[in-house]
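> here are the coordinates; sequence isn't available:
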């Protein structure tokens, strides 16, 4: 039962990641082409981990910051919704929080 619950949560997270792409386009006017390709190639969890642990913020992160939409970053989506916290390590969550704080985002 636990594996089924996790699989459902992973599936929901993946849907949320695709929603980020759509919202970035409609709300911020940012077409996150590389992000979409990563999602299609690697899936939501792998994409999130890749972006979280990159040495520098992504081009998309910077573009969303410039547009005042850090709320649409992977880091904010993960950190702001406790539902996703079980999919990531405490270190992952710390990295998200530190990165967002460094860019002036006040997470909910």
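Alright, I've got the coordinates. Since this is a predicted model, take the numbers as computed values, not measurements.
> now do the helices in the protein.
With DSSP state H as the criterion, the chain has helices at 2-28, 33-42, 44-52, 59-66, 74-80, 90-102.
> deepest-packed of these, please.
helix 74-80 (a mean of 22; mean count of other Cβ atoms under 10 Å). Every residue, glycine included, has its C-beta placed from N, CA and C.
> now mean pLDDT too, for the helices of the chain, in a markdown table please.
Shown next, in a markdown table, are the helices of the chain (pLDDT from 0 to 100):
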| stretch | mean pLDDT |
| --- | --- |
| helix 2-28 | 93 |
| helix 33-42 | 97 |
| helix 44-52 | 97 |
| helix 59-66 | 96 |
| helix 74-80 | 97 |
| helix 90-102 | 97 |
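> the spatially most central residue of the chain and residue 99: what is the separation?
Central residue of the chain (Cα atoms, centre = their mean): residue 74, 1.3 Å from the mean position. Going from residue 74 to residue 99 by Cβ to Cβ, to the nearest Å gives 10 Å.
> contacts only, for residue 60.
When contacts are counted by Cβ atoms under 8 Å, 6 or more residues apart in numbering, residue 60 touches 24, 30, 32, 34, 35, 73.
> ok, now how distant is it from residue 85?
Residue 60 is 22 Å from residue 85, by Cβ to Cβ.
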